[in-house]
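Student: This is a predicted model, with the sequence first.
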Amino acid sequence: IPATHTVAIYGEESLHFSIGKSSMEIQAGIRGTSMLHLSKDYDMHGKIYLDPRINIGWNFPKFNIASQTVFFELAGGIGEHTKAPTISQIYPDPYYLDLAELNYYHSNSKYRRIYLMTYVIDPTNHNLHPARNMKWEIRGDLNIGGNRLSVTYFQENMTSGFRTSSIYKSFTYKKYDTSGIDPSTLTAPPALDDLTYTTKKELYGYTMTTNGSRTFKQGIEYTFSSKRIEAIRTRLTITGAWFKTEYHNSQPVTERPSVVIDGERLQYAGIYKDDDGYIREMTNTNFTFDTDMPKLKLGFSLSAQCMWLAASQNMRKEEMPLQYINKEGTIENFTEADKSDTYLQWLVRSYSNSLFARQTIPFCANLNLKATKKLLEDKLTIALFVNKILDYNPNYTRNGLTVRRHVTPYFGVEMNIKL
């Protein structure tokens, strides 16, 4: 198996300048990668994949509100990221398809015979390309008298992710007829030259790595950090996020039903627009109260982790195929009349609406505690933590069943020494 060798180049430039009382910072860069020593059979041979990106930040003039100084920054960025395929995806192991042309059984093991036609299939996809992900985000940062709020919205879109796809092709082999063999007259396993046969074609599938996966992500991340309240030496920090991710195909998929008609598995495979799509969504917030007592060299931290929403949903699947593959390996368009065909009707899929219902998990929360003490002129720090000291994880119903949740509290001690 050949090894992978990659080469990369990178360049970046940063600019910072003032516009009146405002200031702007621009950071732009580009990265180029290429896979070396690939044969000319690969589309990736000799190609350089460029990943440009740019980040821009604008600091507005500061001003006062009720004697509090206000700072505001607006920033954004956009860029691409390339992920190269792995060695196993570029140089996959071959598949071995064994088709039984003769499988004769005799009570005397010396007279038994099995004869196979073996196809060696190379699942290498020479059209495989690196997966490319496009991401952009925009962020607002507000600071009022030491109280800071930062909110970021982002989107990621990758339409060429790696996926294991099913490939169906027609394979030819002989089927020997053993009905004329008289087992009582055999003195050796049956000879193939004495048997008649019919030539058959059957549809068989194998898998290949393709650029057929799409991932679309979007979300909001936020952080609030208050000014420390001097009377109690405590600061509140709130962090949280909302994430939504969609996973589905970016290329048609092929599927062969496991239907047996007249003793033979259905020799057709449907080509569908999409399949296996699903959505994941979550919303969480963490509240942290940390208290610092410098005179006692003691600190406390109390945090509450809240999961407001966790949801999942399967996306609708296409029931009718766009096309189909027959046992000759030919691709044909699927028509309305095919829905009533003896064989092709089995390519029409049906699903229950409950399969695509949105499933949610109700609110849950955990409480964590940590205490830190500095000793020996701050050279020794000891921290005691207790996680999930309190929790709220109510039961909920899913598909008529009660799901019971529970958590296991745990504690420990951390020690850091500075020499």
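Tutor: Good, I have the coordinates.
Student: Quick one: the strands in the stretch 1-150 of the chain, in order.
Tutor: 5-19, 22-36, 49-59, 63-65, 68-83, 95-104, 113-121, 131-144, 147-176 (DSSP state E, counting those that start in this stretch).
Student: check contacts around M117.
Tutor: The neighbourhood of M117, defined by Cβ atoms under 8 Å, 6 or more residues apart in numbering, consists of 98-99, 101, 173-174. Yep, even glycine has a C-beta here, placed from its N, CA and C like the rest.
Student: I'd like the distance from stretch 399-413 to the chain centre, please.
Tutor: How far stretch 399-413 lies from its chain's middle: 26 Å, per Cα atoms, centre = their mean, to the nearest Å.
Student: The chain should start at 616 in everything you say after this.
Tutor: Done: numbering now begins at 616, and the last item shifts to stretch 1014-1028.
Student: Give me the contact list for that stretch.
Tutor: Contact partners of stretch 1014-1028, identified using Cβ under 8 Å, 6+ apart, comprise 969, 979, 981, 997-1004, 1006, 1008-1012.
Student: Let's have the strands of the stretch 616-765 of the chain in JSON lines, adding mean pLDDT.
Tutor: Shown next, in JSON lines, are those (pLDDT from 0 to 100):
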{"stretch": "strand 620-634", "mean pLDDT": "94"}
{"stretch": "strand 637-651", "mean pLDDT": "96"}
{"stretch": "strand 664-674", "mean pLDDT": "97"}
{"stretch": "strand 678-680", "mean pLDDT": "88"}
{"stretch": "strand 683-698", "mean pLDDT": "95"}
{"stretch": "strand 710-719", "mean pLDDT": "95"}
{"stretch": "strand 728-736", "mean pLDDT": "96"}
{"stretch": "strand 746-759", "mean pLDDT": "96"}
{"stretch": "strand 762-791", "mean pLDDT": "95"}
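Student: what about burial for the contacts of M732, which qualify?
Tutor: Those of these that meet the buried threshold are 714, 716, 788-789, by 16 or more other Cβ atoms under 10 Å.
Student: Looking at those residues, which is nearest H744?
Tutor: Here the nearest of the buried ones among the contacts of M732 to H744, counting by Cβ to Cβ, is L714; it sits at 33.3 Å.
Student: Tell me how far the closest one lies from D808.
Tutor: L714 sits 20 Å away from D808, going by Cβ to Cβ, to the nearest Å.
Student: cool, and I702?
Tutor: 46 Å.
Student: So between the two, which is more surrounded?
Tutor: Here I702 and D808 are compared on neighbour count by other Cβ atoms under 10 Å; more neighbours surround I702, at 11 against 5.
Student: The more buried one touches T619, doesn't it?
Tutor: Yes - judged on Cβ atoms under 8 Å, I702 makes contact with T619 at a distance of 5.5 Å.
Student: Give me the below-cutoff pLDDT ranges for the stretch 916-1034 of the chain.
Tutor: Regions of the stretch 916-1034 of the chain meeting the criterion pLDDT under 70 are absent.
Student: Strands of that one, residue ranges please.
Tutor: Per DSSP E, counting those that start in this stretch, the stretch 916-1034 of the chain carries strands over the ranges 938-940, 946-948, 974-976, 979-990, 995-1007, 1011-1013, 1016-1018, 1025-1032.
Student: Likewise for the stretch 766-915 of the chain?
Tutor: Taking DSSP E, counting those that start in this stretch to define them, one finds strands in the stretch 766-915 of the chain at 812-840, 849-864, 868-870, 875-876, 879-880, 884-887, 893-908, 913-929.
Student: Would you tell me which one of the ones you listed is buried the most?
Tutor: strand 884-887 (a mean of 22; mean count of other Cβ atoms under 10 Å).
Student: That strand - contacts with which helices or strands?
Tutor: Applying 3 or more Cβ pairs under 8 Å, 6 or more residues apart in numbering; DSSP states H and E, one finds that strand 884-887 contacts strand 868-870, strand 938-940.
Student: Tell me which of these lies nearest to Y893.
Tutor: Taking Cβ to Cβ as the criterion, Y893 comes closest to strand 868-870 out of those, the separation being 14.3 Å.
Student: Adjacent strands (with direction) for the closest one?
Tutor: On the basis of DSSP bridges, the sheet neighbours of strand 868-870 come out as strand 884-887 (antiparallel).
Student: And the contacts of the partner strand?
Tutor: 781, 783, 818, 820, 867-872, 932-933, 936-940, 946, 949, 962, 964.
Student: bridging residues for A919?
Tutor: When bridges are taken as DSSP bridges, the partners of A919 come out as F902, L982.
Student: hang on, isn't it packed against L982?
Tutor: Yes - contact status for A919 versus L982: in contact at 5.4 Å, counting by Cβ under 8 Å.
Student: For PyMOL, write the select line for the buried members of the contacts of strand 884-887.
Tutor: Here is the PyMOL command that picks out the buried ones among the contacts of strand 884-887, judged by 16+ other Cβ under 10 Å:
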select buried, resi 783+818+820+867+868+869+870+871+932+936+939+940+949+962
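Student: need the contact list for the residue nearest to Y720 when sequence neighbours are not counted.
Tutor: Residue nearest to Y720 in three dimensions, not counting chain neighbours: R727, with 5.7 Å by Cβ to Cβ, 6 or more residues apart in numbering. For R727, the contacting residues are 719-721, 804, by Cβ under 8 Å, 6+ apart.
Student: could the strands of the stretch 766-915 of the chain be laid out in TSV, adding distance to R1019?
Tutor: As requested, the strands of the stretch 766-915 of the chain are arranged in TSV below (distance: least, Cβ to Cβ, whole Å):
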stretch	distance to R1019
strand 812-840	30
strand 849-864	26
strand 868-870	37
strand 875-876	42
strand 879-880	43
strand 884-887	38
strand 893-908	21
strand 913-929	16
